[in-house]
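1. Predicted model and sequence below, questions to follow.
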Amino acid sequence: MADDLFKALADPTRRTILDELTEKSGQTLFEICARLSMKHRLGISRQGVSQHLALLEAAGLVETRREGRYKFHDLNTAPLRRIAERWPLPDTPGPAESTP
């Protein structure tokens, strides 16, 4: 699972999609494409965005839900928390504790 997560985060376009979902979760493919085109000046096809979303979904960073004929994309940050918990920082003494 971590390999999929790192692969998903490696691409700047996918990180931009995640940024957009952070700003407004629950977007359709059309909304995401429009925001990428207008706000970020990315000339990427709907099929290209759809492929990026599929990879983000496989990594667990995006969840989808259907309402009627619409498919909404929501950000899921749980995989990022699991990565952070995988390598916890060791407890280091603060400046007051290390002074004799």
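-> It's in. Keep in mind the model is a prediction, meaning the values are calculated, not measured. Numbering: from 1, shown residues only.
2. how near is the most centrally placed residue in the chain to A10?
-> The C-alpha lying nearest the average C-alpha coordinate of the chain belongs to L18 (CA atoms, centre = their mean; 3.7 Å). Noted for L18: a distance of 12 Å to A10, by CB to CB, to the nearest Å. In this view, the C-beta of every residue, glycine as well, is placed from N, C-alpha and C.
3. Over to V62?
-> Remark: distance between V62 and A10 (CB to CB) = 16 Å.
4. okay, these two: which has more neighbours?
-> V62 (22 against 9; other CB atoms under 10 Å).
5. per-residue confidence at that one?
-> You'll see V62 listed with a pLDDT of 98.
6. Could you tell me which residues make contact with it?
-> When contacts are counted by CB atoms under 8 Å, 6 or more residues apart in numbering, V62 touches I17, L18, L21, L53, L56, H73, D74, L75, N76.
7. which residue sits closest to A2, ignoring its sequence neighbours?
-> Using CB to CB, 6 or more residues apart in numbering and skipping residues adjacent in sequence, the residue nearest A2 is I83, 6.6 Å away.
8. tell me which element that neighbour falls in.
-> helix 78-86 (DSSP states H and E).
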